[in-house]
Every structure is written in structure tokens, then in C-alpha cells.
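# okay, sequence plus prediction incoming.
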Amino acid sequence: MSGGTLAALDIGGTKIAAALVDRSGTVLRRGRVPTPAGGGDAVLAAAAELLDGLGLAGSDVRGLGVGAPGVIDPDTGRVVSATDVLPGWAGTPVRETLTALTGLPVTVVNDVRAMAYGEARAGAGAGHHRVLHVSVGTGVGGALTTGGDLDHGAHGTAGELAHLLVPERGPVPCGCGRRDHLEAAASGPAIAATGDAPRAGALLGRALAGLLAVLDPDAVVIGGGVAQIGAPYLDAVAAAFRDEALPPLRATPIVPARLGTDAPLVGAALLAGTLLAGSPPA
């Protein structure tokens with residue numbers, strides 16, 4: 001299925017973004033709305049309405065890719081588990097509901113994995129074989145790609161770093177409730193609580209030093225809303241990483257996501273297109 005465009009959704013704790021994307025990964029049209037309260041049904045109804053506003057009806061859109069928070073069952077598109085970042089989200093049948101609301105074939109993947117796929121195929125990860133992708137926003141997430149394809153691991157958590165222990169208590173709870181995890185100290189809400197983006201960046205950099213000793217990727221790509229802070233945050237990440245990393249790892253590139261906040265939309269759309277073509281990624 002080489003023709004037609006693809007629709008994409010990026011569902012988050014504070015906003016829902018939608019886009020129409022061509023087969024090369026170019027965003028043709030985009031929109032966003034705040035994430036409503038009321039659980040999965042309310043969120044998906046708002047998402048479908050947002051897509052309608054982009055002109056979905058009567059268009060040549062062939063499929064819908066969704067990046068969603070939580071652990072996603074790849075066979076059913078249902079949310080297996082989720083934190084309180086999006087209350088009432090666990091158990092939501094995302095694929096089934098959106099298929100009914102839009103009439104499109106729907107592919108659902110974890111939102112950070114959607115970001116990773118977009119960056120690996122059309123962004124800062126392109127050209128690197130093994131990449132650790134980090135997303136810092138309402139929460140902290142991570143994913144691995146190898147050869148441009150998602151590496152899920154045995155339990156679907158490969159690359160996750162939210163729950164890595166940090167040497168200080170965060171100002172907000174991690175999504176799991178603990179305050180000694182990276183998400184509690186380095187997420188967007190943690191930075192909002194302290195006003196100290198460089199400190200949060202340094203904590204992420206130290207965590208990456210340990211994680212890269214295990215994973216040894218070719219590059220690290222950092223995306224999500226917090227990455228938009230720019231140099232005060234990203235420079236702190238890089239400096240702390242190089243202070244703590246093993247000598248062979250210190251030259252590992254740590255780069256901002258090239259697609260910015262479009263990365264999950266592009267990744268979800270391209271993944272939907274790949275699966276529609278009958279060639280699922282490894």
C-alpha cells in the first residue's frame with residue numbers, strides 16, 4: 001500500500017496531538033487539544049473529534065497510528081497497564097474503540113516507542129544502527145531501536161529508564177508512586193516544581209552513564225517537551241554523562257530529537273504504514 005496518507009495520534013497526560021502524515025514522514029496537517037478528564041472513553045472521543053477536524057472524512061487516509069502511554073498489548077491494541085499520568089487509562093481498548101470511531105485500521109504502540117520509530121526512520125536516529133531514545137515530558141521514558149526497527153525486549157520494556165534509582169528524593173512522585181526514581185527527579189513536573197532544569201539534566205546524564213555501560217548504543221536521541229528547553233538542559237545532560245561514563249563511551253553522541261514534538265506522530269504514522277504494507281518491524 002504505497003499510496004495515500006496516514007493519520008496519527010500522540011496521546012499524553014496533558015495533551016492529545018493529531019496529524020496527517022505522508023509516506024515519507026512529512027507532516028501535512030496537525031492539531032492538538034488538552035487531554036480531557038474522564039478516563040479512556042473521554043480521551044478517545046476527544047482524539048477522534050480532533051482527527052475529524054483535520055479533514056479525515058472523505059480523505060485518502062489509509063490507516064491510523066497511535067502512540068499511547070502505558071504498556072500496550074501488540075496483538076489487541078489494549079492498554080495492559082498504565083501509571084496515574086493518565087488516570088483511568090489502564091484497560092482501555094484503544095484499537096477497538098478508534099477503529100469503531102474512525103473506520104480505519106488502527107495500529108497502537110507505546111508513545112515513547114512511537115517517538116523512537118519516528119526518529120530512527122526520519123529523524124536524528126537515522127543512519128545509526130543502535131539507538132537509545134529518551135523522552136522527557138510529563139514522565140520519563142525510553143526505547144531502543146536497532147537497524148531502524150523497534151527492539152521491544154522480552155517484556156516490552158527495553159530502553160525504559162523512568163524507574164532507575166537516583167541519589168536524591170524527587171520533588172514529585174514517579175508514576176509508580178516512588179520518589180527515588182529518575183522520573184520523580186528529572187521529569188517536566190519535577191523541573192516545574194524546582195525551577196532547576198540543569199539539575200534535572202545532570203541527573204539524567206548520570207543515569208545515562210550507567211545505562212550506556214549496559215546497552216552500548218551508537219547514539220542517544222533526547223526528545224519530549226523538556227528537550228525544547230534547549231542548551232541549559234541538554235548541555236547539563238551531556239556534561240554529567242561525560243563526567244560519569246566509562247572512557248570508551250564518552251564520545252557517544254547525545255543529540256536532540258530532530259523531529260521535535262512531531263516525532264511520536266511521525267513514528268506512529270510510519271509504523272502504521274509499515275504494518276499495512278505487511279512488513280512488520282523486528
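Cool, got the structure.
# only C-alpha atoms from now on, for both contacts and neighbour counts.
OK.
# mind listing the strands for the stretch 51-200 of the chain?
For the stretch 51-200 of the chain, strands defined by DSSP state E, counting those that start in this stretch occupy the ranges 61-68, 71-72, 79-81, 106-110, 130-136, 140-146, 149-151.
# could you check the fourth one and say which residues are buried?
When neighbours are counted by 16 or more other Cα atoms under 10 Å, the buried residues of strand 106-110 are found to be V106, T107, V108, V109, N110.
# list the contacts of the first one.
Contacts for V106 (Cα atoms under 8 Å, 6 or more residues apart in numbering) come out as G63, L64, G65, V66, R95, L98, T99, A272.
# partner residues bridging the second one?
Pointing back at L64 there. L64 forms beta bridges with A7, V106, as assigned by DSSP bridges.
# OK, contacts around it?
Contacts for L64 (Cα under 8 Å, 6+ apart) come out as L6, A7, A8, L9, L104, P105, V106, T107, A268, A269, A272.
# ok, now the third one?
Residues touching G65, when contacts are defined by Cα under 8 Å, 6+ apart, comprise 6-9, 106-109, 265, 268-272.
# what would the strands of the stretch 51-200 of the chain look like in JSON lines with mean pLDDT?
Listed next are those as JSON lines, based on pLDDT from 0 to 100:
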{"stretch": "strand 61-68", "mean pLDDT": "95"}
{"stretch": "strand 71-72", "mean pLDDT": "88"}
{"stretch": "strand 79-81", "mean pLDDT": "90"}
{"stretch": "strand 106-110", "mean pLDDT": "94"}
{"stretch": "strand 130-136", "mean pLDDT": "95"}
{"stretch": "strand 140-146", "mean pLDDT": "94"}
{"stretch": "strand 149-151", "mean pLDDT": "92"}
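# any idea which of those gets closest to R169?
Closest approach to R169 among these (Cα to Cα): strand 140-146, 15.7 Å.
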